[in-house]
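Visitor: Kindly return the folded structure for what I paste below:
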Amino acid sequence: MTISQIEIRNIKGIAHECFKVQLKACKPNLLVAPNGFGKSSVATAFSSMNTKRIDLAEKDYHKENDKLAPELSVTVNGQKLTADKTKNEIRQQFDVLVVNSGLTPKAKKHFKGAVSSTIEVKPITICKIPAKAEFSYKPTDAKTSFGQNGKILPNVSDLLKDSRLLGTIQGVDLSKFTQVRIQTAVQAIIDKVNHQNGSAAFISQWVLDNCIQELRAVTTLNSISERLVQYGAVDSEIKGFFAAYQIASIHAADPKAFSAATDWLYYVTVKAHYQDLLANFKSSTWQWAKVEETKKKKELVINFPKAHQLSNGQRDIITLVVQLHKTLYEGSKKPLILVIDEVFDYLDDANLVAFQYYVTSIIEEYKARNQVIYPIILTHLDPGVFFDFCFNKHKIQINYLLSKPVGKSKDILRLVEFRDSEQSEDMVRPIRDVLDKHWFHFHPDTHEIADGWPSFLPNQWKNSDLFKDYFTDELERYLTNRNYDVVAVCFAVRIVIEHQVYCLLPDADWQEKFISEHGTSNKLDVASSAGIDIPESYFLLGIIYNTNLHWNQGRDYVSPLVSKLNHPTIRQLIAHVASAAKN
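Guide: Next up, the predicted model:
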């Protein structure tokens with residue numbers, strides 16, 4: 001399934017936006033937009049839904065006007081699902097979880113009306129605390145009930161306190177054990193066992209030699225036995241069957257008590273899991289998040305210290321990992337839309353790896369359960385930062401909320417595609433090398449491609465100087481707020497900077513070394529080695545000129561550049577560089 005559109009009305013900063021996206025199931029989906037665009041409005045749209053409707057806080061209405069009706073729609077495989085103040089078609093088909101940093105202000109009144117405030121991290125509720133219950137099991141009673149060879153039964157006391165039991169019985173209908181047909185078959189096996197003489201080991205071997213097919217035919221016990229062996233909870237198939245027999249018998253004696261005991265075991269397992277999880281992330285000997293039980297509400301929660309007692313990165317990674325793991329314990333079979341709202345703004349490289357590892361782990365766990373998850377990551381970061389870490393760039397799905405049509409960049413993108421096409425490989429003088437030197441970077445000499453220039457590109461561009469005239473004009477259009485070719489501005493910034501630095505080099509040898517170097521950043525390193533004092537703005541504008549201009553079918557070259565070029569500081573830096581070039 002693919003989510004192809006998200007439409008939002010009257011939620012926070014969004015009056016009405018319709019985002020064309022490609023959100024794939026079980027893949028990391030990035031929604032990229034600059035700060036201030038309204039990513040938090042997208043997160044709020046999803047988090048404000050309950051199972052029946054959208055329920056917005058007063059501050060989250062567009063312009064804080066509760067007369068403006070909020071609405072969220074997603075289109076899945078061509079079907080539009082809508083949530084508003086009267087209905088929620090989305091939650092009928094999906095579960096939704098929004099992960100954010102959880103920061104909230106808290107005011108405290110003091111003596112004589114004084115008020116102080118702090119920034120705190122909201123506790124995360126994991127689950128309700130069930131009533132404590134244990135399985136009704138005594139090994140001696142079980143052996144006596146079995147008969148004279150009850151000694152063959154393994155003691156399952158420890159197993160009944162082991163989290164592996166939960167996986168062992170998951171999906172097994174224990175109520176079938178009481179069916180007459182199954183009870184008759186099991187009793188026949190018990191009677192045969194009780195007619196044997198010898199030690200427990202001898203009788204176990206006799207059962208393996210004479211009754212194993214009859215035991216395997218009891219599917220309820222066979223399923224449990226196979227899992228017990230698989231999980232390493234028992235060391236033989238025979239012990240697995242007789243452990244399964246006791247588990248099924250406990251359930252048959254009192255199904256409600258058995259269910260209560262499994263609920264308690266599940267709770268104890270979850271609590272221990274989160275305690276271990278927080279311990280694994282602990283990097284401070286001072287304050288840390290804690291797993292605690294609330295007596296009033298009877299809930300298991302993660303409580304955080306005050307925000308200033310944790311670093312921003314620590315807070316964000318703990319919040320993220322706890323909430324990601326929470327998705328695995330909710331138990332729903334619906335597909336999950338998981339929205340991660342920029343919780344990694346403060347993560348260092350190691351925690352960014354941890355973030356991607358845990359997102360990938362959640363995806364793999366859902367796939368192993370044959371369940372569907374849509375991880376949607378809202379970010380202002382350049383997607384390239386993720387390619388350096390765990391996310392496989394062939395799986396990651398990138399969507400720009402500020403998506404722009406190719407527009408005027410159509411021809412220059414065709415040039416990029418032509419430069420990287422296979423047809424240039426077989427030419428005597430590879431066009432790729434010529435284009436790299438004279439079109440994609442500054443070169444003091446004019447070059448013209450007389451033969452082999454494709455008909456689908458503007459004919460005048462076959463002359464490198466005329467091509468430079470084109471992107472110089474587009475740079476001027478950009479700086480004067482007219483419609484411009486976005487990719488051409490990238491070329492212009494790159495070549496203007498290279499030209500300026502080339503002119504500062506002390507002699508022809510350094511200039512030749514500069515020209516022969518690949519990549520603008522490397523060229524600037526050459527100039528620095530020559531003792532040139534390069535303006536800091538030239539390095540900062542690497543965010544523009546370092547754009548990867550190698551062809552990748554389906555890649556959006558325009559939207560990320562538009563996002564950067566629209567920033568007022570970037571525009572100002574480019575204006576300074578262009579002005580220096582004119583002078």
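Visitor: how about low-confidence regions in the stretch 151-300 of the chain?
Guide: The model of the stretch 151-300 of the chain has pLDDT under 70 over residues 281-287.
Visitor: so where do the helices sit in it?
Guide: Applying DSSP state H, counting those that start in this stretch to the stretch 151-300 of the chain gives helices spanning 164-169, 180-194, 200-210, 212-216, 219-230, 237-253, 255-281.
Visitor: Just want the most central residue of this structure.
Guide: In the chain, the residue lying closest to the centroid (Cα atoms, centre = their mean) is Val359, at 4.2 Å.
Visitor: so what's that one scoring on pLDDT?
Guide: Per-residue pLDDT puts Val359 at 84.
Visitor: now the angle between helix 255-281 and the strand or helix carrying it, please.
Guide: In the assignment (DSSP states H and E), Val359 maps to helix 349-368. Relative orientation of helix 349-368 and helix 255-281, computed by axes from the mean of the first three to the mean of the last three Cα atoms, to 10 degrees: 160 degrees.
Visitor: packing partners for helix 349-368?
Guide: helix 312-328, strand 336-341, strand 373-379 (3 or more Cβ pairs under 8 Å, 6 or more residues apart in numbering; DSSP states H and E). Just so you know, the C-beta spots here come from the backbone N, C-alpha and C atoms, and that holds for glycine as well.
Visitor: could you redo the last one with a cut-off of 7 Å?
Guide: Here helix 349-368 touches helix 312-328, strand 373-379, going by 3 or more Cβ pairs under 7 Å, 6 or more residues apart in numbering; DSSP states H and E.
Visitor: Output the longest one as CSV, nothing but the C-alphas.
Guide: Spelled out, it's helix 312-328. Provided in CSV are the C-alpha atoms of helix 312-328 (Å, rounded to 0.1, in the frame of the first residue of the first chain):
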residue,chain,number,x,y,z
ASN,A,312,18.8,17.8,24.4
GLY,A,313,20.3,14.8,22.6
GLN,A,314,19.8,12.5,25.6
ARG,A,315,16.2,13.6,26.0
ASP,A,316,15.4,13.2,22.3
ILE,A,317,16.9,9.7,21.9
ILE,A,318,15.3,8.4,25.1
THR,A,319,11.9,9.8,24.1
LEU,A,320,12.2,8.4,20.6
VAL,A,321,13.3,4.9,21.6
VAL,A,322,10.8,4.5,24.3
GLN,A,323,7.9,5.5,22.1
LEU,A,324,9.2,3.4,19.2
HIS,A,325,9.3,0.3,21.5
LYS,A,326,5.8,1.2,22.8
THR,A,327,4.4,0.5,19.3
LEU,A,328,5.5,-3.1,19.7
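Visitor: Which strands or helices does it pack on?
Guide: Counting by 3+ Cβ pairs under 7 Å, 6+ apart, helix 312-328 packs on strand 95-99, strand 124-128, helix 255-281, strand 336-341, helix 349-368.
Visitor: returning to that earlier point: could you dump the helices and strands packed on helix 349-368 to TSV with distance to Ser40 and mean pLDDT?
Guide: Converted to TSV, the helices and strands packed on helix 349-368 look like this (distance: least, Cβ to Cβ, whole Å; pLDDT from 0 to 100):
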stretch	distance to Ser40	mean pLDDT
helix 312-328	15	74
strand 373-379	8	90
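Visitor: Can you report phi and psi for the residue lying farthest from the centre of the chain?
Guide: Distance from the C-alpha centroid of the chain peaks at Asn197, with 60.2 Å (Cα atoms, centre = their mean). Per-residue torsions, Asn197: phi -120, psi 150 (degrees, to the nearest 10).
Visitor: quick one on the thing from earlier: out of the helices and strands packed on helix 312-328, which one sits most buried?
Guide: strand 336-341 (a mean of 23; mean count of other Cβ atoms under 10 Å).
Visitor: Okay, angle between it and strand 95-99 too, please.
Guide: 20 degrees.
Visitor: what's strand 336-341 packed up against?
Guide: Counting by 3+ Cβ pairs under 7 Å, 6+ apart, strand 336-341 packs on helix 39-47, strand 95-99, helix 312-328, strand 373-379.
Visitor: Please pull up the helix or strand immediately following the first one.
Guide: Okay, so that is helix 39-47. Using DSSP H and E, the first helix or strand after helix 39-47 is strand 71-76.
Visitor: Next SSE downstream of that next one?
Guide: strand 79-83.
Visitor: Now do the closest residue to Arg91 other than its chain neighbours against Ser559, distance only.
Guide: Closest residue to Arg91 apart from its sequence neighbours, by Cβ to Cβ, 6 or more residues apart in numbering: Thr51 at 5.0 Å. Distance, Thr51 to Ser559, by Cβ to Cβ, to the nearest Å: 35 Å.
Visitor: Who has more neighbours out of those two?
Guide: A direct count of neighbours by other Cβ atoms under 10 Å for Thr51 and Ser559 places Ser559 higher, at 20 against 10.
Visitor: Tell me if I am right that that one is in a strand.
Guide: No. Ser559 is assigned helix when assessed by DSSP: H, G, I helix; E, B strand; the rest coil, not a strand.
Visitor: Not counting sequence-adjacent ones, nearest residue to it?
Guide: The nearest residue in space to Ser559 (Cβ to Cβ, 6+ apart) is Tyr400, at 3.5 Å.
Visitor: Got the phi and psi for that neighbour?
Guide: Taking degrees, to the nearest 10 as the convention, Tyr400 sits at phi -100, psi 120.
Visitor: got the contact list for it?
Guide: Val32, Ala33, Asp556, Ser559, Pro560 (Cβ atoms under 7 Å, 6 or more residues apart in numbering).
Visitor: try His499
Guide: Phe442, Ala581 are the contacts of His499 under Cβ under 7 Å, 6+ apart.
Visitor: State the phi and psi torsions of it.
Guide: Note on His499: backbone dihedrals following degrees, to the nearest 10 are phi -60, psi -50.
Visitor: For Ala578, give me its contacts.
Guide: Leu475, Leu479, Val496.
Visitor: Strands along the stretch 351-500 of the chain, start to end?
Guide: Counting by DSSP state E, counting those that start in this stretch, one finds strands in the stretch 351-500 of the chain at the ranges 373-379, 397-400.
Visitor: okay, the angle between the longest one and strand 95-99?
Guide: Going back to what we said before, that points to strand 373-379. 30 degrees.
Visitor: Could you tell me the angle between strand 373-379 and helix 312-328?
Guide: Going by the same axes, to 10 degrees, strand 373-379 makes 160 degrees with helix 312-328.
Visitor: Strand 373-379 pairs with which strands, parallel or anti?
Guide: strand 29-32 (parallel), strand 336-341 (parallel) (DSSP bridges).
Visitor: And the contacts of the shortest one?
Guide: Just to be clear, that refers to strand 29-32. Taking Cβ under 7 Å, 6+ apart as the rule, strand 29-32 contacts 23, 42, 374-379, 383, 396-401.
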